[in-house]
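K.L.:
the sequence and its predicted three-dimensional model are supplied below.
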Amino acid sequence: KKPKRTKEEIEEARQLKIKKMEEEEQSRWRWWEEEKYEDGVKWRFLEHSGPYFPPEYQPLPDHVNFYYDGKKVKLSLAAEEVALFFAQMLDHEYTTKKVFRENFFQDWRKEMTDEERSLIQELDKCDFGEIHAMHKAKVEARKNMSKEEKLVCNIQFRKVLKEANQKILDEYGYCLLDHHRERIGNFKIEPPGLFRGRGEHPKQGKLKKRIQPEDVIINCSKESRIPVPPAGHRWKEVRHDNTVTWLASWTENIQGSIKYIMLNANSKLKGEKDWEKYEVARKLKSCVDNIRNQYLMDLKSREMCTRQRAVALYFIDKVGVTVVILKLALRAGNEKEEGETADTVGCCSLRVEHITLHDTLDASECVVEFDFLGKDSIRYYNKVPVIKKVFKNLKLFMEDKQPGDELFDRLNTSLLNKHLSSLMPGLTAKVFRTYNASITLQQQLKELTNVIILFFFPCRLPESDSVAEKLLSYNRANRAVAILCNHQRAPPKTFDQSMANLQSKIEARKEQLVLAKSELKQAKKEAKAKGSADAKLQALVVRKKMAVKRCEEQLLKLEVQATDREENKQIALGTSKLNYLDPRISVAWCKKMEVPVDKIYNKSQRDKFAWAIDMTEVGFEF
DNA sequence: GGTCATGACTCAGAAATTTGACT
DNA sequence: GAGTCAAATTTCTGAGTCATGAC
């Protein structure tokens, strides 16, 4: 059995943790206080250990077999490994899809020996049952490890495993960049497996090949300790390019695109770029009115391509309607090679079939109904009233076109961005998303957090909002942005259950409150009857009062939690929080509302936004 | 000047893993 | 104080954006 930890030991561990955090803070590289490098230079010194390669394939044990057409077949090592990839995924819906199965089978056969290939002709005749069962048992065993932890060997096993992982992290997880130790984001080479695209990807199921050192390019300083390739291997190339941020790269075999090993989000290189991004978006704030006026004028242009550009910009920026402001915030929409990826679109690549025009709809005029698959094959569905000029133009663009034709046939992202950068240096379609997201957060926070109440009822101080209520307001503001950016998630599998659990907790707490209240009443009654002389009874009343208060607070907290969770069912807050919202807005809000920053940002988020946490004053305006 | 390929980087949700609250 | 389980966090890697340079 695990030896019990004494109170002293627990306290010691706590102190150690605090000390470690303080040390971390002390040693943090405050790069935002330093001078920036000349244009294009990303680093002056870079040293690292190269990427970490996944372990070699371990052949199946003798009792686990593959069967073809009912007969046991001993596969070659290469074919067996790929068979395992498929068997591992059998519980997943992917393996039932026709495209996935066909792609897999085709690529699998390429890995087979001639003999295997002539025998194994149909996927339906393959029986991966035993391999699948073995894999499931392995996963189960790992899951149950904590239950069996009582067995000393298991504890040791876990410890060894943890230590081994730590060793890998220490060795490969960090680099030295300009005298500072920086964490690497993805230091592991992606292991081989079956490609899983998103949505209806034409290449799903294809074999993602094992990457060898001979495929990898290393990037580091000339004068640094050059990473040593695994024994018996060599690198494809070692280069010393300080105008890029990556440490290693390789070309993957599915799309032929390049994969990179880069630094963690809390690094200088990523942080500085992030800061810059928000500064560009803030610059847009000062000239957005002019830009809007310009594209509203362009809607009447004689040039068709100018008109298309104006309508596209209108989609990318926003739609202003008299009472409510409805925003669209579409992505730019680059062209994609047909048949190479799932059929998804953004603004410039919209097709006629993706929008429906309604002269009137739900008491609004000139409504555009959008229905298309965007990035990651996430559906974008929205009905938005637009100004007449935009509506008329859309009708014009759609004239004599087939559903599959491009809506903006005279426009692409390159033209759009060229135009934008002529209006403001650094301006691209993407900046509008950042700008609109951040400005929305700022507005929503102002509206939602009691400012009005404070103004009209100065006796009600912001403190009267509990931290839980303030956080609900923050999450609602965050949610408004996530909806704007169409950041969706699949509802968690356990959602209904966890909601029901929470509800029953609320009911229990309510009952408890009723009970506490009646006990308080009773205590008061008794105290009154005995007069104020009885100190014991007076103390009881105080205690009961406290109990009621505590109960009420807990109930409120649970109710707030329930509201928050329900509203969050299909919305992913993380993406906007991490990528679109200027952290300085949140930090300033925390300061103003006296909410600790760690209620908003967890440890790694605080690391990522350390620059903002450090420099932001309470009065910061985006 | 337009188009096309390529490279480098940001953004994205799912899945795996860890944490910590509750019983 | 241990066991359980949901929630939080981290990891993973696919999918975009956008600039550049060759033709």
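P.N.:
Arrived safely. Numbers count the residues shown, from 1 in each chain, chains lettered A, B, ... in the order given.

K.L.:
residue A:368 in helix, strand or coil?
P.N.:
strand (DSSP: H, G, I helix; E, B strand; the rest coil).

K.L.:
ok, it touching residue A:381?
P.N.:
No - in this structure, residue A:368 is not within contact of residue A:381 by CB atoms under 8 Å, at 11.8 Å. Glycine gets a C-beta too; all of them are placed from N, C-alpha and C.

K.L.:
more neighbours: the two, which one.
P.N.:
residue A:368 (20 against 9; other CB atoms under 10 Å).

K.L.:
for DNA strand C, what's the nearest residue on chain A?
P.N.:
residue A:430 (2.8 Å; CB to the nearest atom of the strand).

K.L.:
export only the CA atoms of the helix or strand where that residue lies, formatted as PDB.
P.N.:
Residue A:430 is part of helix A:429-448 when elements are defined by DSSP states H and E. Only the C-alpha atoms of helix A:429-448 are listed here, as PDB (Å, rounded to 0.1, in the frame of the first residue of the first chain):
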ATOM      1  CA  ALA A 429      -9.100  39.700 -44.200                       C
ATOM      2  CA  LYS A 430      -8.000  37.800 -41.100                       C
ATOM      3  CA  VAL A 431      -7.500  41.100 -39.100                       C
ATOM      4  CA  PHE A 432     -11.200  41.800 -39.300                       C
ATOM      5  CA  ARG A 433     -11.900  38.600 -37.400                       C
ATOM      6  CA  THR A 434      -9.400  39.600 -34.700                       C
ATOM      7  CA  TYR A 435     -10.700  43.100 -34.600                       C
ATOM      8  CA  ASN A 436     -14.400  42.300 -34.500                       C
ATOM      9  CA  ALA A 437     -13.800  39.500 -31.900                       C
ATOM     10  CA  SER A 438     -11.800  41.700 -29.600                       C
ATOM     11  CA  ILE A 439     -14.000  44.800 -29.900                       C
ATOM     12  CA  THR A 440     -17.100  42.600 -29.300                       C
ATOM     13  CA  LEU A 441     -15.600  41.200 -26.100                       C
ATOM     14  CA  GLN A 442     -14.800  44.700 -24.800                       C
ATOM     15  CA  GLN A 443     -18.300  46.000 -25.600                       C
ATOM     16  CA  GLN A 444     -20.000  42.900 -24.100                       C
ATOM     17  CA  LEU A 445     -17.900  43.100 -20.900                       C
ATOM     18  CA  LYS A 446     -19.000  46.700 -20.500                       C
ATOM     19  CA  GLU A 447     -22.600  45.900 -21.100                       C
ATOM     20  CA  LEU A 448     -22.800  42.800 -19.100                       C
END
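
K.L.:
any idea of the mean pLDDT in it?
P.N.:
Mean pLDDT, helix A:429-448: 92.

K.L.:
what mean pLDDT does stretch A:486-493 get?
P.N.:
Rounded mean pLDDT across stretch A:486-493 is 85.

K.L.:
can you list the residues of the stretch 1-150 of chain A near DNA strand B?
P.N.:
A:42, A:92, A:142 (CB under 7 Å from any atom of the strand).

K.L.:
out of the residues you listed, grab the one that's most surrounded.
P.N.:
Busiest of those [other CB under 10 Å] is residue A:42, holding 18 neighbours.

K.L.:
and the gap between it and residue A:136?
P.N.:
Residue A:42 sits at a distance of 45 Å from residue A:136 (criterion: CB to CB, to the nearest Å).

K.L.:
what do you get for residue A:188?
P.N.:
Residue A:188 is 24 Å from residue A:136, where distance means CB to CB.

K.L.:
mind checking which helix or strand the residue nearest to residue A:433 when sequence neighbours are not counted is in?
P.N.:
Sequence neighbours aside, residue A:329 is the residue nearest to residue A:433 in space, at 5.2 Å (criterion: CB to CB, 6 or more residues apart in numbering). Here residue A:329 is covered by no helix or strand, with elements defined by DSSP H and E.

K.L.:
let me know the angle separating the helix or strand harbouring residue A:479 from helix A:429-448.
P.N.:
Using DSSP H and E, residue A:479 maps to helix A:467-484. Inter-element angle recorded for helix A:467-484 and helix A:429-448: 150 degrees (by axes from the mean of the first three to the mean of the last three CA atoms, to 10 degrees).

K.L.:
let me know the pLDDT of the closest residue to residue A:41 other than its chain neighbours.
P.N.:
Nearest non-adjacent residue to residue A:41, counting by CB to CB, 6+ apart: residue A:242, 5.8 Å away. At residue A:242, the pLDDT value in this model is 94.

K.L.:
which SSE is residue A:242 in?
P.N.:
Here residue A:242 is assigned to no helix or strand, by DSSP H and E.
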